[in-house]
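In: below is the structure, and that's it, no one-letter string:
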């Protein structure tokens with residue numbers, strides 16, 4: 001009887017070990033790669049967290065850079081499942097080449113001037129044309145750079161600014177960056193005095209180092225953010241879930257919390 005009891009005990013122990021071992025194994029998640037404009041770094045990081053909580057079987061890999069760089073990489077064959085652009089131009093290029101399909105506008109944004117808080121003598125947009133003010137903007141190949149030039153064009157045509165404001169502003173530019181995050185970083189570090197970025201680039205984390213100087217509505221531009229599943233994605237249904245999450249109630253709430261304007265607002 002003792003031997004039988006010992007065998008039963010051994011069997012129970014073995015079963016327990018196997019069960020515990022199985023419980024300790026993490027189920028392998030399916031991953032999707034999302035390539036997004038650098039101005040969406042914070043909000044997409046937050047969206048990734050909530051999306052993965054809702055769909056624990058899916059992992060989201062985020063890659064951020066300027067929209068033009070991401071679009072170029074996709075055209076060159078770098079694999080991705082979802083593309084989110086900071087303007088329509090680069091999304092339209094991919095759609096035209098049958099690399100993306102049925103983009104959805106998930107948010108809008110506006111530009112703002114940003115000043116290093118240690119800088120004195122600059123209280124309004126006109127002051128950025130003062131001699132000696134060091135400015136950084138996004139390169140014109142980047143959506144934010146194109147928007148900046150559009151704003152300067154509107155200002156030049158108005159009677160509200162000195163006739164030579166645009167020329168003096170451009171003369172003060174000492175660097176052009178390939179994404180807005182680099183512009184913000186230069187201002188935070190004091191490498192430049194000011195720059196033009198998206199309103200959403202001012203966050204709780206950097207508001208003690210930089211301050212906004214608003215651009216009047218009549219001079220400003222609206223940036224639209226289209227997102228789409230890429231045609232070479234091997235996981236289109238899963239990728240579409242992420243797009244639907246961003247355009248749905250939960251995703252739109254996150255975008256609004258991070259300062260983006262919703263498509264219908």
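Out: Yep, that arrived. Note that the structure is predicted; figures quoted are calculated from it, not measured. Residues are numbered from 1 along each chain as shown.

In: residue 164: neighbour count?
Out: Number of residues near residue 164 (other CB atoms under 10 Å) recorded here: 11. In short, each C-beta sits where N, CA and C put it, glycine included.

In: typo on my end, it should be residue 253
Out: Neighbour number of residue 253 under other CB under 10 Å is 13.

In: mind listing residues that contact whatever helix or strand residue 64 lives in?
Out: Here residue 64, judged by DSSP states H and E, is contained in strand 58-65. Residues outside strand 58-65 that contact it (CB atoms under 8 Å, 6 or more residues apart in numbering): 29-38, 40-41, 44-45, 48, 51-52, 70, 73, 80, 178-179, 181, 238, 241-242.

In: please point out which parts of it sit buried.
Out: 58, 60, 62, 64-65 (16 or more other CB atoms under 10 Å).

In: for this structure, which residue is closest to the average position?
Out: residue 40 (1.4 Å; CA atoms, centre = their mean).

In: wait, that one sits on residue 225?
Out: Yes: the criterion here is CB atoms under 8 Å, and residue 40 meets it with residue 225 at 7.0 Å.

In: quick check: domain ranges of the chain?
Out: Following the assignment in automatic domain parsing, the chain carries domains at 30-108+224-257, 109-213.

In: so can I have a markdown table of those showing distance to residue 264 and mean pLDDT?
Out: Below are the domains of the chain laid out as a markdown table (distance: least, CB to CB, whole Å; pLDDT from 0 to 100):
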| stretch | distance to residue 264 | mean pLDDT |
| --- | --- | --- |
| domain 30-108+224-257 | 9 | 97 |
| domain 109-213 | 15 | 95 |
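
In: residue 263: which of those domains is closest?
Out: domain 30-108+224-257 (4.7 Å; CB to CB).

In: can you map out the helices along the stretch 51-200 of the chain?
Out: Secondary structure of the stretch 51-200 of the chain (DSSP state H, counting those that start in this stretch): helices located at 67-75, 88-96, 143-157, 165-171, 180-189.

In: out of the ones you listed, the one nearest residue 135 is which?
Out: The nearest among the helices of the stretch 51-200 of the chain, by CB to CB, is helix 165-171 at 7.0 Å.

In: chain center to the closest one: distance?
Out: 29 Å (CA atoms, centre = their mean, to the nearest Å).

In: also stretch 60-74?
Out: On CA atoms, centre = their mean, the centre of stretch 60-74 falls 10 Å from that of its chain.

In: so what would you say the end-to-end distance of it is?
Out: 18 Å (CA to CA, to the nearest Å).

In: same check on stretch 138-148?
Out: End to end - CA to CA - stretch 138-148 spans 8 Å.
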